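Visitor: A structural model of the following input is requested.
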Amino acid sequence: MTVNVVLPIPVDRAYTYRLPDAMADAAQLGARVLVPLRNRHLTGVIVEEGPPADTLDFAVKDVVDVLDDVPACTNELLDLTKWIADYYVCTWGEALKAALPSGTTVESQRELRRTDAEPGDWANHSVGRRILDDLAERPGTTLSAMRKRLGPAVPLALVRRMAADGVLDVDTTLSDDQVTAKTATHLRFAPAFQRKDAPAELIEQLRGEKQQAVIRALAGFREAGTPEPRQADVVEHTDAAYSTIRSLVDKGMIEKVEKEVLRSPLDDLPAPDPPPNHDLLPAQQDALDAVTTSVDAHNYGTFLLHGITGSGKTEVYIRALKAVREQGRTGIILVPEIALTPQTVQRFRSHFGDRIAVLHSQMNRGERYDAWRRLRTGDAPIAVGPRSAVLAPLENLGLIVVDEEHESSYKQFDPAPRYHARDVAVMRAHRNDAVCILGSATPSLESTMNARWGKYERLALPERVPDADGEAAALPEVTVLDLTLQRKKHQLDGALADPLRDAIRTRAERGEQTILLQNRRGYAPVLECEDCGWAPECGACSVTLTLHRDGGRGRLHCHYCGHTTGTPQQCPDCGGHDISQIGTGTQRVEEELASVAPDATVLRMDRDTTSRKGGHHRILQQFRQGADVLLGTQMIAKGLDFGQVTLVGVVDADVGLLFPDFRAEERTFQLLTQVAGRAGRADLPGEVILQTRNPDHPAIRHATAHDHEGFVEDELPTRRQFNYPPFGHVATVEFRGPKEQRVERLAETWTDQLRRDAGPVTVMGPEPAFIQRVKKQHRFRTLLRVQGGSAHPLQTALRRTREAYGTPPNGYHVAIDVDAMGVL
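Guide: As a prediction, this is how the structure comes out:
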């Protein structure tokens, strides 16, 4: 018997292997297997039964091992990942890799070691010398680790030549980096001593005080309802040594039992508040009725839940999920930001208990693996998390919710598959006769038009949920501060104009809270010499360095590759000492707030303060406990619900409008509308103060009026004129590599082939990317655009070109992004 196996590599085919008879029972569709490929071993997934071995014209290799008792991928996930690969023009193996948790693969690795031989000519070889120097610092390393340090230009062929010359050794070994279940040792009385009077009998037989203390402790735990306590708890309770416990085990008095310990980020959360008990508004009830009609009939349906901020969309999600769970079906709740995950989890835990599994990138590998297994076995029938949770291994799926469906964070950028979780959610619901709810106060233009065209059913929530006294909270009043006029009136000294300063100070004095948005992190985006115009740039990326200050002079950071360096005291070009700090980041605003409201507690929430595990939750918990100001980047604009927030300030509303991208206006409108909706969500009225130099820009004008329909009608003509979504599909192809001329030739060759295969597709480029170099990789881009509702012509052209060109040279990359979120 043979099986076809898909491997997690950028090769668009399955490989056929013979299955030894001893493995036949375990080798089911979707199971992970360890297989040989050329001179290495990889973990792949069985996707179908293969052809008879005697019909093949090549020598069939054997499967080395079957790694699953229960297949890692359900048949439904196999089909879904195949669709993802076809739609987003990647390989099936890349799509399957996205559906499996990290740490579930076994593969071979090449270990390198320096020998005692003289380097000879390799001492003068540019790459060979670097390899030898690296091995001198790290005597034992792997080829993959070396490539991370030295870059991709360390070809295997060169390493083999050096090994043939005897200057280094190369060994191929298996790297079993699999995550396994975590266990803890528990203790219990041996079967012969489980009678109630047995502990007293055992104590009489023992002379050692510590051994007697362990027996008493075990008896006490049993009386308290824990017959098998953790060994660590017994040791802590008695201060006994582990050797004491081993002695009791050797005497046959007690036994050790290994029990699995689930690793979950929910352990760090407090118990959820009891669920509120209130009636739905008529609009909420109408929306729920429409959804549950499809749920009850097991009919597919996608619903665009368009509700203003604070209108109770989450309550509709919860009640829809209850209807699904009553049928024994499962559900997925997607949120756009990790920051929203704890808040969302707590809302759902209050209704569904701990039968929820969380999936997000800040979880460690063990936590992700345990969550994935709970979902796969059905122990947790509800998945909550950002983008990747759409691929949760749930069976009998009944509901997928995409909260804040307009958010660009639902689009995967690197690596492939570059899927959009919203669109995958719609397709997955369709394939399972399930319901998909897309919720937003500012729906994307694509979803808005899909509702108008009848692909989705639009459900409206036009008013906010009433407060405890039954009064409906009004949308906040918005004041626009024209920074040009503020400066002329001498009311702008720093980043905050006087009216915004006064409002922040007033809220702090009244014990109310403020949310302040500045969508740039760091202290100052640019340093510039006032004498010659020099600005420090990253040596690996074509961007200026951002000044970060956490005390002292601060350091310069690259926000693309992570490089840091000290701040210059004088210009290296002209020697001048007048170096200006241009622009404003969150740290600079934080510093200014210290003088505006010196007694106020200010929390800063950006990538710098949330990089550690639990950072989002810690900051939001502090704000919930009464901190005065929450200052942050766009992560604070989405879905946060704090009743004491009566002021939202936008430091610079123009930041998003600076990018020459067709979605810039839409993103700006959505961000401003969303952050404005954080104010006045309870019984206290809200106010929004928005600072801008472009008060008449349509995105800003419509955001201040909370006017989604007005923005849509203003934006659609431009999209229609250029066949941009929703009136067409776009894709980008990015070419990357270490040498600019070779990248440009690769881009030109690929794009010439694209034009030959284009058909109705418009092909533009290649051109240098907006940021031409990132991490020492030069970048060129080609843009594809096709009119109409189908991306098929565009996908066909890309697929044919990829097949015609083949694999790019070693160290060079071609990245295809179908339905790209931007063209930069």
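Visitor: phi, psi for Thr244 please.
Guide: When read as degrees, to the nearest 10, the backbone of Thr244 gives phi -60, psi -40.
Visitor: gap between it and Gly208?
Guide: Going from Thr244 to Gly208 by Cβ to Cβ, to the nearest Å gives 7 Å. Bear in mind the C-beta positions are built from the backbone N, C-alpha and C, glycine included.
Visitor: neighbour count winner among those two?
Guide: Thr244 (18 against 12; other Cβ atoms under 10 Å).
Visitor: ok, that one - contacts?
Guide: Applying Cβ atoms under 8 Å, 6 or more residues apart in numbering to Thr244 gives the contacts Gly208, Lys210, Gln211, Val214.
Visitor: okay if I get these as CSV plus distance to Lys489?
Guide: Below are these laid out as CSV (distance: Cβ to Cβ, whole Å):
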residue, distance to Lys489
Gly208, 85
Lys210, 79
Gln211, 83
Val214, 78
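Visitor: buried among these? Make that a ChimeraX selection.
Guide: To isolate the buried subset of those in ChimeraX, counting by 16 or more other Cβ atoms under 10 Å, use the following:
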select :210,211,214
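Visitor: among the contacts of Thr244, which are in helices?
Guide: Residues from the contacts of Thr244 lying in helices, with DSSP state H as the criterion: Lys210, Gln211, Val214.
Visitor: would you confirm that the first one contacts Thr238?
Guide: Read that as Lys210. Yes - Lys210 is in contact with Thr238 according to Cβ atoms under 8 Å; the separation is 6.7 Å.
Visitor: before we move on, the earlier item: can you lay out the ones in helices among the contacts of Thr244 as TSV showing distance to Arg147 and pLDDT?
Guide: Listed next are the ones in helices among the contacts of Thr244 as TSV, based on distance: Cβ to Cβ, whole Å; pLDDT from 0 to 100:
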residue	distance to Arg147	pLDDT
Lys210	54	92
Gln211	56	93
Val214	52	94
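Visitor: ok, so of these, who is nearest Ala357?
Guide: Comparing those against Ala357 with Cβ to Cβ picks out Val214 as the nearest, at 36.4 Å.
Visitor: isn't that closest one right up against Val234?
Guide: Yes - counting by Cβ under 8 Å, Val234 is a contact partner of Val214 at 6.2 Å.
Visitor: shared neighbours, the two?
Guide: Here Val214 and Val234 share the contacting residues Ala240, Ile245, scored by Cβ under 8 Å, 6+ apart.
Visitor: can you give me the helices in the stretch 351-500 of the chain?
Guide: Under the criterion DSSP state H, counting those that start in this stretch, helices of the stretch 351-500 of the chain are mapped to 365-377, 421-431, 445-452, 483-488, 498-510.
Visitor: between those helices, which one is nearest to Ala472?
Guide: Comparing the helices of the stretch 351-500 of the chain under Cβ to Cβ, the one sitting nearest is helix 498-510, at 22.5 Å.
Visitor: what sits up against the next helix-or-strand element following the closest one?
Guide: Once the chain leaves helix 498-510, the next helix or strand it forms, by DSSP states H and E, is strand 513-517. Here strand 513-517 makes contact (Cβ under 8 Å, 6+ apart) with 503-504, 507-508, 589, 593, 623, 626-634, 636-637, 640, 642, 644-651, 671, 675, 678-679.
Visitor: I figured Ile771 hits Cys538, correct?
Guide: No - using Cβ under 8 Å as the test, Ile771 is too far from Cys538 to be in contact (10.2 Å).
Visitor: hey, what's in contact with both of those two?
Guide: Joint contacts of Ile771 and Cys538 (Cβ under 8 Å, 6+ apart) are Tyr560.
Visitor: for the two, work out which one has more neighbours and name it.
Guide: Shown here are Ile771 and Cys538; by other Cβ under 10 Å, Cys538 has more neighbours (24 against 12).
Visitor: what sits against the nearest residue to the more buried one once chain neighbours are set aside?
Guide: In space, and not counting its chain neighbours, Cys538 is closest to Cys558: 4.0 Å by Cβ to Cβ, 6 or more residues apart in numbering. Contact partners of Cys558, counting by Cβ under 8 Å, 6+ apart, are Cys538, Ala540, Cys541, Val543, Leu545, Thr546, Thr564.
Visitor: switch the cut-off to 7 Å
Guide: Residues counted as contacts of Cys558 (Cβ atoms under 7 Å, 6 or more residues apart in numbering) are Cys538, Cys541, Val543, Leu545.
Visitor: okay, it: pLDDT?
Guide: On pLDDT, Cys558 comes in at 95.
Visitor: how near is it to Pro768?
Guide: Look at Cys558 and Pro768: by Cβ to Cβ, they are 19 Å apart.
Visitor: likewise for Leu784?
Guide: Distance from Leu784 to Pro768, counting by Cβ to Cβ: 17 Å.
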